[in-house]
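Enquirer: from the sequence below, what's the structure:
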Amino acid sequence: MLDLNVLPERSLGNEQWSFALGMPLSQIVQILQTHCRVIKSVEVIYQEKRPIESDLVLNLNSDGIKLVFDSTAQRLKVIEVFNMSKVKLKYCGNYFNSPQNKPTPEQIEQAFGATRPGQYDASLQSYIVSFRGLTFFFPVDAQFENFFAKHSLSSATSSLPTDFIPAVSRMCIYAGSQLNETTAPAMPLSCYHGNLYLDSAEVSFKENGKECDGLDLKLITVPDNKNETIILEKSVKFGDSVQQVLAILGSPCKIFYKLQDKMKIHSASPRKLNETRHTDYFYNYFTLGIDILFDGKFHQVKKFLLHTNFPGHYNFNIYYRCDFKIKLLGEENCVDVTPCTLWNDVIGQLPFDVGKPVVLNRASSTNNTNPFGSNFCFGLRNMIFEVMSNNHIASVTLYNPQKQLK
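Expert: Now for the predicted structure:
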C-alpha cells in the first residue's frame, strides 16, 4: 500500500517521488517506470479519434490513483484518488486516511481545518467539501438525500447513526479554487533539472515565403541558483554547423547515426543509390520535441524533425510535444499549422493539390510489429507532413532543398 503525502494545489507523493501538478507527461512516466515494482498497473486512456478533445489519463488501477493531463499542453492537471482503501494519505505528517483512520467528515476537518460549507450534488449522490486546490467527495445513502440537501455536512452527520456517517470516496488535487474550472499550471521549477524546454517554435521562411529555411525558437530554462524561469530567443538555420547548434541549444539528449535512408528510393537523383563514406547523424533534443539531422561530410544542418507526441503514435512519449507554428500561404490568407491542426483543415485552404501520400509503416529492427498501423507522408514544398489515421499531424520534417552543402 502506497504511503503518500498530500499537498493541496501542489502534489501527491513521498520521499522517493512525487506527482506534481504541471509536471510533464514524460517525467510522470519516467517515475512510473523507475518504481514499477511498487506501482504495478498503469492504464493509458485517451480518445483515439479525437485526442485533443478530452484529457489524457494514466490510471493506476492497483493503487486507486488517476492522473489527468491536459491533452494539449501534456502537463498534469488533476490528481485523483478514486479508491481510498488502496492508499494511506497524510497531511502535515498526520494521517487522515489509513486502515486505522477512516476519512470521515470529522477526520477531514481535524486534519485540514474549517472551510466553506459543502454542497450536495444530486447527480453524483455525493456531498462535496472543498478547500483551495483540494476536494473531497462523500457518498450519501439514497435514503438520506433530502436530508443532506437541506443541511450542512457537519450538522447532518451529527444527527445520523454512526453506521450511516459517510466517508470520503474520492479526493482530487488541482490548481485554483474550482475543480471544474482548473487548468494545468506551468511546469514547476523543480521539474527543469537544468534542461532547456520549448515554449514555441516558429518555422521561418525565405523572402519568397514558399521555402522554409529554419526555426525561430523560444526556449525556457531555470539557471543555476535561480528561482525563476528565463526565456531565450534563438534561431537555427539550414547550413548551421555543429558548433553553432551546440552553442545555441547545448548538448543533445542523444546522438543517432543513420545506417540507411529508406526514402532515397523516392529521389530523382541518378546517384541516389551510390554508397557514401560519410554517415549522416541526428542530434535528438527530446525535451524540445526536435531532431536535427547533420550532413556526415560537411557537418551542417540539413533537416529538422518536429514531433507532436500524440498517443497512438509509434514514438509516443519519446519526445515532448514541439509546439510549432507554420505559416503557409493559402488561397486568400495564411494558413497557420500547429500540432493541434487537422490535416484536412490544412489542405482544404491551400490553392493547390498536395498529391498522393507515401505510406509509412514504422517498425523496430528488433520487433517488427507496430500496433498503431501505418501513417501517411505528404510533401509540401520542402516540408513533409506525417499524418496519422485520425487526421492529426504526427511529425513535420523540414529539409534543405539545396543539393550541395559546403
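
Enquirer: can you map out the strands along the stretch 101-250 of the chain?
Expert: Counting by DSSP state E, counting those that start in this stretch, the stretch 101-250 of the chain has strands at residues 119-121, 126-131, 134-139, 170-174, 197-205, 212-221, 230-237.

Enquirer: and of those, who's closest to residue 88?
Expert: Of all the strands of the stretch 101-250 of the chain, strand 170-174 sits nearest to residue 88, with 12.7 Å by CB to CB. No exception for glycine: its C-beta is placed from N, CA and C like everyone else's.

Enquirer: identify the residues contacting that closest one?
Expert: With contacts defined as CB atoms under 8 Å, 6 or more residues apart in numbering, strand 170-174 is touched by 6-12, 21, 77-82, 84, 89, 126, 133-137, 179, 182.

Enquirer: how about 6 Å then?
Expert: 12, 78-82, 133-137, 179, 182 (CB atoms under 6 Å, 6 or more residues apart in numbering).

Enquirer: for stretch 4-13, same thing?
Expert: Applying CB under 6 Å, 6+ apart, the external contacts of stretch 4-13 come out as 14, 18-20, 79, 87, 89-91, 131, 133-134, 173, 175.

Enquirer: quick check, nearest of the residues you listed to residue 49?
Expert: Using CB to CB, the contacts of stretch 4-13 come closest to residue 49 at residue 79, 26.8 Å.

Enquirer: which residue, other than its chain neighbours, is closest to the closest one?
Expert: Distances taken as CB to CB, 6 or more residues apart in numbering put residue 173 closest to residue 79, at 4.2 Å, once the chain neighbours are dropped.

Enquirer: tally of neighbours for the one you found?
Expert: Residues lying near residue 173 (other CB atoms under 10 Å) number 24.

Enquirer: same deal with residue 345?
Expert: Quick note: residue 345 (other CB under 10 Å) scores 11 neighbours.

Enquirer: again, but for residue 190
Expert: Residue 190 has 12 neighbouring residues, counting by other CB under 10 Å.

Enquirer: check contacts around the spatially closest residue to residue 75 that is not a sequence neighbour.
Expert: Leaving aside its sequence neighbours, residue 75 sits nearest to residue 184 (CB to CB, 6+ apart; 4.2 Å). Contacts for residue 184 (CB under 6 Å, 6+ apart) come out as 70, 73, 75, 77.

Enquirer: ok, which pair from those is furthest apart?
Expert: Comparing every pair within the contacts of residue 184 by CB to CB identifies 73 and 77 as the most remote, at 8.3 Å.

Enquirer: compare those two (neighbour count), which wins?
Expert: residue 77 (21 against 18).

Enquirer: centre of the chain to the strand or helix carrying that one, how far?
Expert: Applying DSSP states H and E as the criterion places residue 77 in strand 76-81. Relative to its chain's centre, strand 76-81 lies at 14 Å (CA atoms, centre = their mean, to the nearest Å).

Enquirer: contacting residues around it?
Expert: Taking CB under 6 Å, 6+ apart as the rule, strand 76-81 contacts 12, 19, 21, 23, 64-66, 68-70, 171-174, 184.

Enquirer: next secondary structure after that strand?
Expert: Assigned by DSSP H and E, the successor of strand 76-81 is strand 87-91.

Enquirer: circling back to that earlier point, okay, and the beta partners of the residue nearest to residue 79?
Expert: Counting by DSSP bridges, residue 173 forms beta bridges with residue 79, residue 134.

Enquirer: for the chain, what spans make up the helices?
Expert: Along the chain, the segments classed as helices by DSSP state H run 25-34, 105-112, 145-150, 153-158, 242-249, 343-347.

Enquirer: quick one on the thing from earlier: nearest to residue 229, of the contacts of stretch 4-13?
Expert: residue 20 (15.4 Å).

Enquirer: contact partners for the closest one?
Expert: So residue 20 contacts 11, 188 (CB under 6 Å, 6+ apart).

Enquirer: so for it, what's the pLDDT?
Expert: The confidence metric pLDDT takes the value 98 at residue 20.

Enquirer: any idea how far it lies from residue 75?
Expert: Residue 20 is 10 Å from residue 75, where distance means CB to CB, to the nearest Å.

Enquirer: residues in contact with the residue nearest the centre of the chain?
Expert: With distances taken as CA atoms, centre = their mean, residue 74 lies nearest the centre of the chain, 2.3 Å away. Contact analysis of residue 74 by CB under 6 Å, 6+ apart lists 25, 321.
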